[in-house]
Structures are given as C-alpha cells and as structure tokens.
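Trainee: Provide a 3D model corresponding to the input given below.
(one chain, ligands or ions: 1)
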Amino acid sequence: MRRFHLQPGGALRGELRVPGDKSISHRAVMLSAIADGRSRITGFLESADCLATLHAFQAMGVMFERDGDALIVDGLGRDGLQAPRAPLDLGNSGTSMRLMSGLMAGQRFDSRLVGDASLSRRPMARVIEPLTLMGARIDGQEGGRAPLEIHGGQVLNGIDYTPPVASAQIKSCVLLAGLYVQGTTRVTEPGISRDHTERMLSAFGVRIERQAHTLSITGGQALQAGDVAVPADLSSAAFFMVGASIAESSAIMMPGVGINPTRRGVIDILSRMGADIRLHDERIQAGEPVADIEVRSASLKGIDIGGDEVELAIDEFPAIFIAAACAEGTTRLTGAAELRVKESDRIAVMADGLSQLGVEVSVADDGLTIVGRGAGAVFGGGRIASHDDHRIAMAFAMAALRAHAPIEIDDCDFVDTSFPGFLALAAGAGLQIEASEVSS
Ligand code: S3P
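Mentor: So this is what the prediction gives:
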C-alpha cells in the first residue's frame, strides 16, 4: 500500500501540465473502437481507469498502437467487436462499467463485466433498469451490483427515458445502447450532466439531437473514425486550483484544461468563494472548450452550494471541501446525495478526515456544513484514511499547504486511477510530498 507523507506549509508555483481528461479518454476509446476506420487520440489519459477500458476493447479484438504521443485505434465498426474469452475487468472504473453496459447490451455475444471491491459495491440498477426496458437481458448481483452478466443477441427497442438522477453515466449508457436499437431512443435529463458523449458522438458523425432537456438518437447509424485531442482534466486541475488558492504566495498556470460548461462548476464555485482564477486563450479543441487556467492565492469566504451547481462539480467536492475549511465563514452543500455513491462515500469520508484534522463539520444525508477557519494554519496533523478513493487522497494532500503538522494519507495507490504522475507534478510545484510503500 502506498502512503503519502506531507510536510506542512509551502506554496504552489509554476506551469503545471495536467494529464488528459478521464471522461473524454474513456469515450475516445469506446467510440473509436466501434467506428469505421483509424482514429488518432492525442492527450489520452494513461490512468488505471482508462487503461481498463482500453484493455476491455483489446479483449474484444480492437488493435491499439502507439505513435509518438498519439494512440492509434483501428475501429472494428459498430458490429465488429468479438466475444471476449474472459470477463471484462473494469477495475475501479464506474464510467467504464456503466457506459460499456450500454454498448455490451447491443452485441450479439454474451459478456461479463467485473470490477474491484469498490466498484462491486456501487449501484448498477440505474443502468440495468433502462437497458432492461429497451429489451436487454442483464443479470446483476443482489441489489443491482456488479458483476453484470449481459446476454447478447437481444432485439433492443428505443425508449423514452428520464433517469431518476442527473447522471452522465446513465445518459451515456442509454445513448450508446441507442446505437443498437430499432427506432429512436430519447433521454430526458432531470438536471444538467456532462455532455462529452453527445459531443463526441457528433464528432464521429452520429446524428444526435437535443430539444430542451431531451436527447434523441436513432439506431443503426455508423460511426466514422476521426482525431480526438483530449484536453487536460479539469477534475485533476481542481486539486491545484484549490492548493494555489489556499497557500499564500502561490501562482500557477495550467495550459489546455477542459472548461466544458457542463463540467466547470469548480471554477464558478471557487470564484464565488473569492478565488483568483483567470482563464486565458479560451478556444475549442476537438469540439471541447479549453483554456489556460491561472490561479493565484486569495482569501476565500464560505458560501452556500446547491441545485444545478452540484452535478457541474460532482467530482470536485473533496477538493472544494478543503478550500471551504480555509475560508472565512461557513460553507453549506445541499442536494449532493450522489456523493455517497462515488468511489467512496465522499460525504462521510471527507467529514471524518476533516474532523480528524480539527475542522468543525456537520453531516446531512445530502451534504455537509463546514465551518471555515479563515487565515493561518487551519489543519492539524494526522493520518487520513483515503478509503481507496483517489480524489480523497489528492484533496487531503492539498490540506498540508495550510497545516501546522505533518499529514499522512493511507491507500494512495488509487491515485493512479485518474492521475498518474500526481506526486511528481505536485512535488515539482512545491507541495512537500513523498510516498512510501507500507504493508497493508
Ligand atoms: C462521469 C460522470 C460522473 C462522474 C464520473 C465520471 C462520466 O458520474 O462522477 O467520475 O465520465 O460520465 P455521474 O454522471 O454518474 O454523476
């Protein structure tokens, strides 16, 4: 087990090259695998989660090749995937499992999707239900958990579906299954969620229409291979945005970061708290808005967060909670029950860690109230359990910048699921971080 050791204090400075976007990298592999022709993906995130997706498609006959820093994918066409010989192991990756359930439901062959202990606890009924309505046959474990046994060769029909929660993963699962149905599939979003699947399907030549909150896709369309330039991941950049905001004398620049309007909640939330975040050279790269993000230290104030803003920053709350603890005044988050079913229960786990470092926190079913401590060293030292959750580990690493004693964080191997190279990048920027291997 990898343990992070952090010395208190320091500042973040310099230009930071944050690796590629996880959500977009998954989709780039999936869509190029079922496209006709050769795709070229640059900026692909070689994290454990995205490699799990890549290996699953390799197991179904798709050829991937490296060409310098590009990933070349020879697509097999919409109906060209081959039956895998073994279960598809998707590790820790909820995005792989939920999106691939949709794709696998449309195949002629059976498949079995498995994951690690954390993924096997996460809710999959949310994809089994709509796919079953479409005519798919899927056997899950008790309570709708993985492993999922997906029976191929079913005739799927288009449905009109409104997911019970705003979720890009549910929406994308149904849209991807929609490629394999007779007729049209409609998904009405109960709230905004990231739209990378829609953007990339369009870029691959698929007609997908939006009317107000409803997306429609007609089955039987072919995908045409193309080039995908994956932007740097805003969710990874978020740790440094928080770190640079809370640590005095910090000034960082992160080039080429995705600022898709359905993802940029963290920029808006931190800005509302008083953060000094500037976007430079806003541009469109392969259908996705990107910018160079500059962040300087600032005095933050506590705010209320809720409503639509929640899904727009759904993966960034562990980092935002660290910012809230350093703010003047109280921060209240509501309407965020989904945080309880991420890689860990991020409400409970963050509340435990914050209290352990001396921060006053109270927990509700759907959120958290954090009493900010304002200026100075706001965190004590101690050992934090990350509960095998990459974002918990990276968030608490940033807390060290405003701590008055060393912080240790357990179970940091999972940082590689989204952010390989985090430690080197963070240390290069000024975080006093080291790792050791300890027996678990
Ligand atoms: C993701 C969607 C989000 C997010 C996850 C990645 C995606 O989940 O939390 O890390 O790539 O579609 P939900 O859409 O289920 O909230």
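
Trainee: ranges for the helices of the stretch 51-200 of the chain?
Mentor: 94-105, 125-133, 168-178, 196-203 (DSSP state H, counting those that start in this stretch).

Trainee: same list (these) but as CSV, adding distance to the ligand, mean neighbour count and mean pLDDT.
Mentor: Yep, even glycine has a C-beta here, placed from its N, CA and C like the rest. Below are these laid out as CSV (distance: least, C-beta to the nearest ligand atom, whole Å; neighbours: other C-beta atoms under 10 Å; pLDDT from 0 to 100):
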stretch, distance to the ligand, mean neighbour count, mean pLDDT
helix 94-105, 4, 27, 98
helix 125-133, 8, 20, 98
helix 168-178, 4, 26, 98
helix 196-203, 7, 22, 98
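
Trainee: got those helices as CSV, with distance to residue 331 columns?
Mentor: Listed next are the helices of the stretch 51-200 of the chain as CSV, based on distance: least, C-beta to C-beta, whole Å:
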stretch, distance to residue 331
helix 94-105, 26
helix 125-133, 29
helix 168-178, 25
helix 196-203, 28
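
Trainee: would you map the strands across the stretch 301-440 of the chain?
Mentor: Applying DSSP state E, counting those that start in this stretch to the stretch 301-440 of the chain gives strands spanning 304-305, 328-333, 360-364, 367-373, 382-385, 407-410, 433-437.

Trainee: export those to a markdown table and append columns for mean pLDDT, distance to the ligand and mean neighbour count.
Mentor: Output for these, formatted as a markdown table (pLDDT from 0 to 100; distance: least, C-beta to the nearest ligand atom, whole Å; neighbours: other C-beta atoms under 10 Å):
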| stretch | mean pLDDT | distance to the ligand | mean neighbour count |
| --- | --- | --- | --- |
| strand 304-305 | 98 | 16 | 19 |
| strand 328-333 | 98 | 15 | 18 |
| strand 360-364 | 98 | 19 | 14 |
| strand 367-373 | 97 | 15 | 21 |
| strand 382-385 | 97 | 21 | 18 |
| strand 407-410 | 98 | 20 | 22 |
| strand 433-437 | 98 | 24 | 14 |
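
Trainee: report all helices and strands that the helix or strand containing residue 242 contacts.
Mentor: Taking DSSP states H and E as the definition, one finds residue 242 inside helix 234-246. Packing contacts for helix 234-246, counted by 3 or more C-beta pairs under 8 Å, 6 or more residues apart in numbering; DSSP states H and E, involve strand 251-258, helix 265-272, strand 276-285, strand 288-296, helix 317-325, helix 390-399, helix 422-429.

Trainee: near the ligand, anything from that helix?
Mentor: No - figure legend: helix 234-246 not in contact with the ligand (C-beta under 6 Å from any ligand atom); closest approach 7.3 Å.

Trainee: tell me the buried residues in stretch 63-70?
Mentor: For stretch 63-70, burial by neighbour count (16 or more other C-beta atoms under 10 Å) applies to 64, 70.

Trainee: and for it, what's in contact with it?
Mentor: With C-beta atoms under 8 Å, 6 or more residues apart in numbering as the test, stretch 63-70 has contacts from 40-43, 54, 57-58, 71-74.

Trainee: could you give the mean pLDDT of that stretch?
Mentor: On average, the pLDDT along stretch 63-70 is 96.

Trainee: returning to what we had before: could you dump the strands of the stretch 301-440 of the chain to JSON lines with distance to residue 36?
Mentor: JSON lines is the format used below for the strands of the stretch 301-440 of the chain (distance: least, C-beta to C-beta, whole Å):
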{"stretch": "strand 304-305", "distance to residue 36": "44"}
{"stretch": "strand 328-333", "distance to residue 36": "45"}
{"stretch": "strand 360-364", "distance to residue 36": "50"}
{"stretch": "strand 367-373", "distance to residue 36": "46"}
{"stretch": "strand 382-385", "distance to residue 36": "47"}
{"stretch": "strand 407-410", "distance to residue 36": "46"}
{"stretch": "strand 433-437", "distance to residue 36": "44"}
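
Trainee: in the stretch 1-150 of the chain, what residue lies closest to the ligand?
Mentor: Closest contact between the stretch 1-150 of the chain and the ligand, by C-beta to the nearest ligand atom, is at residue 23 (3.2 Å).

Trainee: mind checking how far the nearest residue to residue 312 once chain neighbours are set aside is from residue 60?
Mentor: Counting by C-beta to C-beta, 6 or more residues apart in numbering, the nearest residue to residue 312 once its immediate chain neighbours are dropped is residue 265, at 3.1 Å. Residue 265 sits 35 Å away from residue 60, going by C-beta to C-beta, to the nearest Å.

Trainee: which ones are touching the closest residue to residue 46 other than its chain neighbours?
Mentor: Once flanking residues are discounted, residue 46 sits nearest to residue 420: 6.2 Å by C-beta to C-beta, 6+ apart. Residues in contact with residue 420 (C-beta under 8 Å, 6+ apart) are 19, 46-48.

Trainee: give the contact list for the residue of the stretch 1-150 of the chain closest to the ligand.
Mentor: Listed by C-beta under 8 Å, 6+ apart, the contact partners of residue 23 are 95, 168, 194, 196, 263.

Trainee: swap in residue 258?
Mentor: By C-beta under 8 Å, 6+ apart, the contact list for residue 258 reads 21, 24, 231-234, 288-290.

Trainee: tell me which of the residues you listed has the lowest pLDDT.
Mentor: residue 288 (95).

Trainee: if I look at it, how far off is residue 133?
Mentor: From residue 288 to residue 133 the distance is 31 Å (C-beta to C-beta).

Trainee: just residue 275 next, same as before
Mentor: Distance check for residue 275 against residue 133: by C-beta to C-beta, it reads 43 Å.

Trainee: need the residues of the stretch 151-300 of the chain near the ligand, please.
Mentor: 167-169, 172, 193-194.

Trainee: could you redo the last one with a cut-off of 5 Å?
Mentor: Within the stretch 151-300 of the chain, the residues that sit near the ligand (C-beta under 5 Å from any ligand atom) are 167-169.

Trainee: looking at those residues, spot the one nearest residue 247.
Mentor: residue 168 (31.7 Å; C-beta to C-beta).

Trainee: where does the stretch 301-440 of the chain dip in pLDDT?
Mentor: Residues of the stretch 301-440 of the chain meeting the criterion pLDDT under 70: none.

Trainee: what residues does it have near the ligand?
Mentor: Contact residues (C-beta under 5 Å from any ligand atom) of the stretch 301-440 of the chain with the ligand: 314-315.

Trainee: rerun at 8 Å
Mentor: 311, 314-315, 338, 342 (C-beta under 8 Å from any ligand atom).

Trainee: just the ones of these in helices?
Mentor: residue 311 (DSSP state H).

Trainee: out of the residues of the stretch 301-440 of the chain next to the ligand, which end up buried?
Mentor: Neighbour counting with 16+ other C-beta under 10 Å marks 311, 314-315, 338, 342 as buried within those.

Trainee: out of the contacts of residue 258, which comes closest to residue 176?
Mentor: Using C-beta to C-beta, the contacts of residue 258 come closest to residue 176 at residue 24, 15.0 Å.
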